[in-house]
Each structure stands twice: as C-alpha cells, then as structure tokens.
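Q: model the following, please.
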Amino acid sequence: MSKRNSQQQKTAARERLRQERERQAKRDKAKRQIIVACSIVGVLAIAGGIGYAVVQANKPTHWETVADETKIVAPANTTGENGTTVVIGEDSAKKTLKVYEDPRCPICAAFEQAAGSTLEKDVEDGKYKVQFVGGTFLDGDTEKDGEFSVGSHGEGSKNAMSALGAALNVSPEAFLKYKSALYSAKWHPEESDDKFKDDDYLIKIADTVPALKDNAKFENAVTKGTYDAWALAMSDAFNKNKDGVTGTPSLVMDGKQLQTSSGNAPMTAAEFTEVVGAALK
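A: Numbers count the residues shown, from 1 in each chain. Got it, this is the predicted structure:
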C-alpha cells in the first residue's frame, strides 16, 4: 500500500471519528435538554400540586361557609330571634323546663334513655312546657368575644341539630320522637364516632319515626342542609345562654339549675321526677 493511500485512509478515519463524536455530542445535548425539560415540568407539577393543595386547605369548610350566611331559615313551630326558641307543651302550663343538650353528648343520651319518656309524659299531661336549647360544642364550636366560631372536632352535633330542625318543621311530636331516637342506645354513637355527620345515617334513624319515615320533605331538608344555618344559630344561642349553663345535660326552671343533692343533673327517672317536682311547687 502506498504511503499516500495509507495517509488518505487515516484522514478518512479521523473524519469519520470526528463526525461520530459530533453526532454523539448532539445526542447527549438533546438528552440533557429533555431531562432538564422534564425536571422543569416535574417541578411545575409539584408546585402546582402544592399550590392546589394550599388553595384547597385554605378554602372554608361547608360549616364555615354556613356560619357566614346572613339568611337563616327557621323551622316551623319556633319563635324568637332566628327561630331559636323551641317550646313544646300546653299553653295552660304555667312553668317551662329548659333542657340544654348536645346531640353527640353521651351523658345526654343516658339522661334521655332514663328520663326522656317521663319528661314527654309530663308535657303531655300539661305539668309544664319544655324548651329545648341545643348546643354543638362537642364539634369544637365556641363563642368568643361575641363571635360564633365553627370548630374542627367534628360535624355531627351541627348536622344532627339541622336534622332536628327538619323534624320540628314537620311537627313538635315528630321532633320529640326523633330526638328520642337519636339519643337511643341503638342509634347514639360513641362520642369519638362522628356518625351524625352522615345524612344517610340520620335519615335511617328517622325511618323509625312514623311521621318521618319516607317523608320526602324531611329528607330533602336534611340532605340539602335547609336548616344548617338555623342549627348554628341555635348553637350560638346555647353559647350565649343566661342561665349559667356550661355543660350538658342541664335542666333549668325559673332561672335555677335543677340538680340532685350531689350537685349533678338527674340521671334517673326517679331523680328527674324529684327535682322537677320540687321546682314546680
């Protein structure tokens, strides 16, 4: 092979190597650009996801939105500001027994199971009227500096209160029977179990009350939250009560809390009859 041909081959080989290196360099550059682009997209996606999560976290909850509503739809069979006065009984009854309760309160459930039927019978007999004042403090709802604040411990008390409003809108009798069912041993959940936040569960309980069973108007009011704002207004009235009540259940007649000799609310039918009988004299 001549030296000239050998030199030409070496030159051609070097040129092919140079071209291959350039092609490889271009491939590597393109690969880096794709990686960078994907990284930027990933970062933007993460940032977008974080931004969305932050926006969602800062959105007011349903009940916070309800708390800002100015229009309150009160159930039938109520009186007073925002319909927060719920009094049931014969007009001829001279005295009124105030009953302070929270739907999720386990002690209220125990009281209702023990003495609820006695209370209803007394009201039917015209011994006294009964005024129900419902709180929702077990949901974490509070009142501070004159402002009502929705808490973060649950929704069951508020939701059950709204459902009670829907029952009251049907009739006072439906309200009493539904309240009794909510507090019953069969249906009342543990305090830590926020079952009452579930509309379907509340409607299932209502199906045990003849006046509410398959009652489309009642069910629509529950699912649509017709009386949600009223429930918060009722809770606000509870928090601002002038009877010095700080817990549930509490019974008040003539401005005085009714308690047993041990200083507690009556928790049996016999204790209830005794303290109420004394207050009626």
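Q: make it CA atoms for all contacts and neighbour counts henceforth
A: Fine.
Q: low-confidence ranges, the stretch 51-200 of the chain, go.
A: Applying pLDDT under 70 to the stretch 51-200 of the chain picks out residues 51-60, 144-146, 151-152.
Q: now do the helices in it.
A: Residue ranges of the helices in the stretch 51-200 of the chain, as given by DSSP state H, counting those that start in this stretch, are 62-67, 106-124, 156-170, 172-182, 199-206.
Q: which one of the ones you listed is the most hemmed in?
A: Comparing these by mean neighbour count (mean count of other C-alpha atoms under 10 Å), helix 156-170 comes out on top with a mean of 26.
Q: which residues does the nearest residue to K197 once chain neighbours are set aside contact?
A: Spatial nearest neighbour of K197, excluding adjacent residues (C-alpha to C-alpha, 6 or more residues apart in numbering): G156 at 4.1 Å. By C-alpha atoms under 8 Å, 6 or more residues apart in numbering, G156 lies in contact with P103, R104, D139, D194, K195, F196, K197, D198.
Q: E90 too?
A: Counting by C-alpha under 8 Å, 6+ apart, E90 touches V123, E124, G126, Y128, K129.
Q: is K127 in contact with D91, as I believe?
A: No: at 10.6 Å, K127 does not count as touching D91 under the criterion of C-alpha atoms under 8 Å.
Q: comparing these two, which residue is more hemmed in?
A: Ranked by neighbour count (other C-alpha atoms under 10 Å), K127 and D91 place K127 first, with 20 against 11.
Q: for the more buried one, give its distance to D243.
A: Remark: distance between K127 and D243 (C-alpha to C-alpha, to the nearest Å) = 22 Å.
Q: and stretch 264-272, which residues are buried?
A: A265, P266, M267, T268, A269, E271, F272 (16 or more other C-alpha atoms under 10 Å).
Q: give the rounded mean pLDDT of it.
A: Averaged across stretch 264-272, pLDDT comes to 96.
Q: what's in contact with it?
A: A110, F111, A114, A115, T118, P249, S250, L251, L258, Q259, T260, V275.
Q: ok, the last one - contacts?
A: By C-alpha under 8 Å, 6+ apart, the contact set of V275 is L258, Q259, T260, P266.
Q: and the pLDDT for it?
A: In this prediction, V275 has a pLDDT value of 98.
Q: tell me the angle whichever strand or helix holds it makes with helix 106-124.
A: Counting by DSSP states H and E, the element that carries V275 is helix 269-280. Angle of helix 269-280 versus helix 106-124, following axes from the mean of the first three to the mean of the last three C-alpha atoms, to 10 degrees, is 60 degrees.
Q: isn't A181 right up against F175?
A: No: with contact defined as C-alpha under 8 Å, A181 does not reach F175; the gap is 9.8 Å.
Q: spatially central residue in this protein, please.
A: E155 (1.5 Å; C-alpha atoms, centre = their mean).
Q: I figured H153 was touching F137, is that so?
A: No: proximity of H153 to F137 does not meet the contact threshold set by C-alpha under 8 Å, at 9.0 Å.
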